[in-house]
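this one's structure only:
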């Protein structure tokens, strides 16, 4: 088996409308109707699949790659009053250095926003 990409990630949300607004406004993602009936966000090569649940008791973690500078990313997040849980830091990943900031969505799903150098 030769797998190279992720098709989708399912994100548990307690209030679909609040989450759709968050991901659209904060990340400027296009919201789309998915074939399974869920709403999703289009990331060109993959989708975020928003699945409404009664209670998000097990939030997930995932990472996104941004094309902006970390300074611009942090300013944008502050402007939208997003919960920053880990301030920007530089680390070395498998192949290269990355600047990273970690935030929470309205359901406490943990999102690492990365700027690769």
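Thanks, I have the structure now. Note that the structure is predicted; figures quoted are calculated from it, not measured.

how many other residues sit next to residue 65?
For residue 65, the count of nearby residues is 11 (other C-beta atoms under 10 Å). Where you see a C-beta, it was placed from the backbone N, CA and C, and this is true even at glycine.

Which neighbouring elements make contact with the strand of greatest length in the chain?
Counting by DSSP state E, the longest strand found in the chain is strand 83-92. On a contact count with 3 or more C-beta pairs under 8 Å, 6 or more residues apart in numbering; DSSP states H and E, strand 83-92 meets helix 70-79, strand 97-104.

Please work out which of those is packed deepest.
Mean neighbour count (mean count of other C-beta atoms under 10 Å) peaks for strand 97-104 among the helices and strands packed on strand 83-92, with a mean of 18.

what residues does it touch?
The contact list for strand 97-104, computed with C-beta atoms under 8 Å, 6 or more residues apart in numbering, reads 70, 73-74, 77, 82-92, 110-117.

Quick check on the residues you listed: which are buried?
Neighbour counting over the contacts of strand 97-104 (16 or more other C-beta atoms under 10 Å) leaves 70, 73-74, 77, 82, 111-115 as the buried ones.
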